[in-house]
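Novice: Build me a model:
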Amino acid sequence: AGASGIEQLMPNVARQRGLLIIDGVIDERRQPQKSAPVACDILKENYEMFNHDWFLAVAAYNLGIYGVDSRLDNRGAKNFFDPPWPAETWHHVYRSIAMSIMYKNRAACLPGLGSVEQYAKVPLVAYKIHLNKITNLGELSELTGVPYGRLVQDYNPQLVGGSLPEGDYTLWFPPEHILP
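Specialist: Alright, predicted model coming up:
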């Protein structure tokens, strides 16, 4: 049970920050609308903790605060470039910083990319629903008129099982698919 979702959040961190994870049913780490703000908060906290050093902040996102602190302390290091890092952390930091620079300079680095807005997916509306019984996602697909693949893969990637148990959930749909 390791990291999951675009932001690669570990289960314990996600739960501590209010994301819902029910094994085999739902994993909000896979829902960008929920997980991206958590990832941004973690990076901002790391940035403050490591005296406004983005390299250390990103390293801590990958390795954990304790992992970064212990490497710095054990070697008397002052910055990211002093201690040796695990290869995964080293690559994570440089890929993250490189993508940030490329995005900031996208007109020069990525000619023809155009505006980010043109790549935006269908706007989605969050619906809070209560299920009185175990509900098969195929039934939910038929009820809403949203094809199963779109319902799960495109609009609600947090749904990892074939059904939802009784309870309260937030599901995402395009505005034209109003729930009955």
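Novice: can we go C-alpha only for contacts and neighbour counts from here?
Specialist: Fine.
Novice: Now do the same for the residue lying farthest from the centre of the chain: its pLDDT.
Specialist: Going by CA atoms, centre = their mean, the residue of the chain most distant from its centre is residue 76, 33.2 Å out. pLDDT for residue 76: 84.
Novice: ok, now the one 3 residues further on?
Specialist: With respect to pLDDT, residue 79 has a value of 88.
Novice: Over to residue 122?
Specialist: pLDDT for residue 122: 68.
Novice: Helices along the chain, start to end?
Specialist: Taking DSSP state H, the helices of the chain run over residues 11-16, 32-49, 54-63, 65-75, 87-104, 106-109, 137-144, 148-149.
Novice: winner for burial among those?
Specialist: Each of the helices of the chain was scored by mean neighbour count; the highest is helix 54-63, a mean of 23, by mean count of other CA atoms under 10 Å.
Novice: Report the angle between that one and helix 65-75.
Specialist: 120 degrees (axes from the mean of the first three to the mean of the last three CA atoms, to 10 degrees).
Novice: Might you calculate how far helix 54-63 sits from the centre of the chain?
Specialist: Computed by CA atoms, centre = their mean, to the nearest Å, the chain-centroid distance of helix 54-63 equals 16 Å.
Novice: which residues touch it?
Specialist: Residues from elsewhere that reach helix 54-63 (CA atoms under 8 Å, 6 or more residues apart in numbering): 42-44, 46-47, 49-50, 66-68, 79-80, 89-90, 92-93, 96-97.
Novice: 6 Å - rerun?
Specialist: Residues outside helix 54-63 that contact it (CA atoms under 6 Å, 6 or more residues apart in numbering) are 46-47, 68, 80, 89, 93.
Novice: do stretch 35-51 as well
Specialist: Surrounding stretch 35-51, the residues in contact under the criterion CA under 6 Å, 6+ apart are 29, 53-54, 57.
Novice: Low-confidence ranges, this protein, go.
Specialist: Residue ranges of the chain with pLDDT under 70: 1, 113-122, 178-180.
Novice: re earlier: and which of the contacts of helix 54-63 is nearest residue 104?
Specialist: Closest approach between these and residue 104, by CA to CA: residue 93, at 16.6 Å.
Novice: Let me have the helices of the chain in TSV, adding distance to residue 123 as columns.
Specialist: Formatted as TSV, the helices of the chain follow (distance: least, CA to CA, whole Å):
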stretch	distance to residue 123
helix 11-16	25
helix 32-49	12
helix 54-63	29
helix 65-75	36
helix 87-104	23
helix 106-109	24
helix 137-144	17
helix 148-149	17
